[in-house]
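>>> Model the structure of this input:
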Amino acid sequence: MITITGHEQFRAWQEKTMPAVEEVRPGVWSIPVPFPGNPMRYTLAYLLVGEGEAVLVDPGWDSDEGWAALVAGLATAGITPSFLTGIVATHFHPDHLGMAARLRAASNAWMALGEHEPLPSQWSQDTREFVAADRTQFQAWGVPAGRLDEVAFQARTWQLMRGMQEPELRLADGVLLPVAGLAVRVLFTPGHTPGHISLIDEVNQLVLTGDHILPRITPHVSLEAHGHGNPLADYLNSLDAMDIASAMEVLPAHEYRFTGLPERLDELREHAQERSREVAGVLAAGNAASVWGVARELTWSRGFDSLHGFTLRLALAETASHLVYLRSQGVPVDIAVPRGAPASAR
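Numbers count the residues shown, from 1 in each chain. Down below sits the predicted model:
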């Protein structure tokens, strides 16, 4: 069982309020940034202050409310945005790097991502091509025609992703962040996204886990990002890679800080394997002929029929990731799991 160390954060989570800005260690600050309209409510950005330089990790969702909270949090730590040397996003999701463009404009700080994280500019240069390919994928996964508009990306979604700040720096596994006075090392932890990274601060015995490890919620691992061949296998391997930080305090991007990482890793491994066993059981019964058909037979917290919109999209992509994983483990999987548009349609 984990031990909660972010007591103020835990209380805020329970009470559905915003936690306070906290100095976790000398020069290490936790700054909550609002995530409007989302059940997660906030992203925990982390300010790491070195010798005359500083880096901000996961600056959060871009909004005026979030900007005000972030600037106020930096002020509590005694700095302004212009003092920042760098911005690091653990992965390319808007609740983690959405604010990066504003910060770049206010500071001229560099922005960095893991070296293997794919960017929208690498997926497609054409909005119509991308949207059509995404729709074709979900159609091939068995989504009924009447639900395709609900789950497939629309042009506005693509434009949002293309509008986010792209990195000047790419961080390889094992390198130190290029910030004077810090000794924070990059750990490659793919799964939630293809190039997700965590950060190891051995001096302070801290590990910043982004969305890879959260204290209560199981991170979403799905066949979502382009170029991600077997996300669940990657995720399980990345859980093993976290053993290096087993004695450290965990600083996640959501919820609250904790210790007891080995126990949490075991819980996450078992959760993933239990879900795969459930998917394998559906396959063995022989009643499902598509990703949609398998997903309908699985257990969901409020039932499959309660899933709509983006939540339904994620559920289908999660199901697809388990099918790909099971096939890689030698389990007979007769259901096709194509990605994007067929070659003949491109």
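>>> buried ones in stretch 265-274?
For stretch 265-274, the buried set under the neighbour-count rule, 16 or more other Cβ atoms under 10 Å, comprises 265, 268, 272. Placement of C-beta: from N, CA and C, glycine included.
>>> Revised request: answer the last question for stretch 143-157.
Buried residues in stretch 143-157 (16+ other Cβ under 10 Å): 143, 147, 151-153.
>>> right, and out of the residues you listed, which lies closest to L323?
Using Cβ to Cβ, V143 comes nearest to L323 of the buried residues of stretch 143-157, at 14.8 Å.
>>> and the gap between the closest one and W300?
Distance of V143 to W300, computed by Cβ to Cβ, to the nearest Å: 16 Å.
>>> okay, now the domains of this protein?
3-121+161-269, 125-158+271-345 (automatic domain parsing).
>>> Determine which stretch of the ones you listed is the most buried.
Highest mean neighbour count among the domains of the chain (mean count of other Cβ atoms under 10 Å): domain 3-121+161-269, with a mean of 20.
>>> what's the helix or strand containing A101 in contact with?
Taking DSSP states H and E as the definition, A101 sits inside helix 100-107. The list of residues contacting helix 100-107 from outside it, by Cβ atoms under 8 Å, 6 or more residues apart in numbering, reads 56, 59, 62, 67, 70, 81-84, 87, 89, 109, 111, 163-165.
>>> Widest-spaced pair of these?
It's F83 and G163 that sit farthest apart of those, by Cβ to Cβ, at 25.8 Å.
>>> and S238, what does it touch?
S238 neighbours (Cβ under 8 Å, 6+ apart): 188-191, 196, 212.
>>> What distance do you get for the closest residue to it other than its chain neighbours to I197?
Of all residues beyond its chain neighbours, the one nearest S238 is T189 (4.1 Å), with distances taken as Cβ to Cβ, 6 or more residues apart in numbering. Separation of T189 from I197 (Cβ to Cβ) stands at 6 Å.
>>> With A20 instead?
27 Å.
>>> quick one: which helix or strand includes the residue lying closest to H228 once chain neighbours are set aside?
Leaving aside its sequence neighbours, H228 sits nearest to P194 (Cβ to Cβ, 6+ apart; 4.3 Å). Here P194 is covered by no helix or strand, with elements defined by DSSP H and E.
>>> Now P194. Its backbone dihedrals?
phi -60, psi -30 (degrees, to the nearest 10).
>>> The one 5 residues further on too?
With angles defined as degrees, to the nearest 10, L199 shows backbone torsions of phi -130, psi 130.
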